[in-house]
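In: this is the structure alone, sequence omitted:
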């Protein structure tokens, strides 16, 4: 039995001197036992210099990690991490000290969750990423100096993601025919641009100019933030069918030049599909089905690609004609 003195950090932040003990197992000789004790004390002496390394995983996540990410990550990401933490809290080794958490414990945690819940591979990846971020923060703040124990954790064999649905061009057309004008305008933007739900909710009329939609912000619940990625900020071409629907909606609103596109404030996209959309549609598969429809090799994507390429060719031809006519006028004036 190995005993030693160390300082424990109490919940109120004060420190208390305690004398823990630990069984190192059974050894054949005193020399082996002494060598094992020396190695264990070497690890303990390193961590005793950092009393916070004796915090439990639960306490560190609740008191250190979550407050740290509040001002650094997107609200939707924070919500996702907190939901993972609460949904699978029964499976975390929550009372284990940070310094005692090993790669083996990470493997066993994922195995327990998979055996009890049968979650998909993507969920297991998210759990691993979350725990890895927790230990990364512990290393960055000097609480731990050891390697990240989640780095070499392997995922248990699990089911892949379920088959996803993408709307066909016929389904999109049927929706636009049956829906009221405002709902049709929202659905047309989703179907013919592939924007995310939050990006559609935050659209303004001043984002629509010169045949392009400029994505400048995104909405999640009550939070307005930058788009998810830099690539998301790229302007999106507005094809002819979408332009016609948007113009009809703009006239119905009184031809505004600025302001929110779909009402007096950002669109409440989380509840929008319940009343203005679902009663008119028999085959509703959610907002992501529109984004999938805008990816190759779907029929909607093919139509969008052809239309955008034709409009791009038209704009290029117009520029060339204007440039040529300008050069001709210049030549005549020089003469």
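Out: That came in fine, so what should we check first? Here the structure is a predicted model, which means the values were calculated and not measured.
In: for this protein, what spans make up the helices?
Out: 30-48, 57-60, 66-69, 75-87, 103-117, 121-140, 169-178, 181-193, 197-201, 240-252, 269-272, 288-293, 299-334 (DSSP state H).
In: just say which of these is most tucked in.
Out: helix 197-201 (a mean of 24; mean count of other CB atoms under 10 Å). C-betas here are computed from N, CA, C, even on glycine.
In: who does it touch, helix- and strand-wise?
Out: Applying 3 or more CB pairs under 8 Å, 6 or more residues apart in numbering; DSSP states H and E, one finds that helix 197-201 contacts helix 181-193, strand 218-220, helix 269-272.
In: and the contacts of that helix?
Out: 76, 186, 189-190, 215, 217-220, 227-228, 232, 262, 266-269, 287 (CB atoms under 8 Å, 6 or more residues apart in numbering).
In: quick one, which of the residues you listed are buried?
Out: Among these, the ones that count as buried by 16 or more other CB atoms under 10 Å are 186, 189-190, 215, 217-220, 227-228, 262, 266-267, 269, 287.
In: just to revisit the earlier point, least reliable of the helices of the chain going by mean pLDDT?
Out: Lowest mean pLDDT of the helices of the chain: helix 299-334, a mean of 48.
In: out of the helices and strands packed on helix 197-201, nearest to residue 202?
Out: strand 218-220 (4.3 Å; CB to CB).
In: what is the mean pLDDT for that closest one?
Out: Averaging pLDDT along strand 218-220 yields 92.
In: what's that strand in contact with?
Out: With CB under 8 Å, 6+ apart, strand 218-220 has contacts from 74-76, 196, 198-199, 201-202, 224-228, 232, 266-267, 269.
In: what pairs with it, parallel or antiparallel?
Out: Next to strand 218-220 in the sheet, as set by DSSP bridges, lie strand 223-225 (antiparallel).
In: can you tell me how far residue 265 is from residue 180?
Out: Distance from residue 265 to residue 180, counting by CB to CB, to the nearest Å: 19 Å.
In: on that earlier part again, same list, the helices and strands packed on helix 197-201, but as CSV with distance to residue 97 please.
Out: CSV is the format used below for the helices and strands packed on helix 197-201 (distance: least, CB to CB, whole Å):
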stretch, distance to residue 97
helix 181-193, 49
strand 218-220, 35
helix 269-272, 40
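In: I'd like to know which of the ones you listed is closest to residue 141.
Out: Judging the helices and strands packed on helix 197-201 by CB to CB, what sits closest to residue 141 is strand 218-220, at 27.7 Å.
In: what's in contact with stretch 151-160?
Out: Taking CB under 8 Å, 6+ apart as the rule, stretch 151-160 contacts 103, 106-107, 110-111, 114, 118-121, 124-125, 128, 132.
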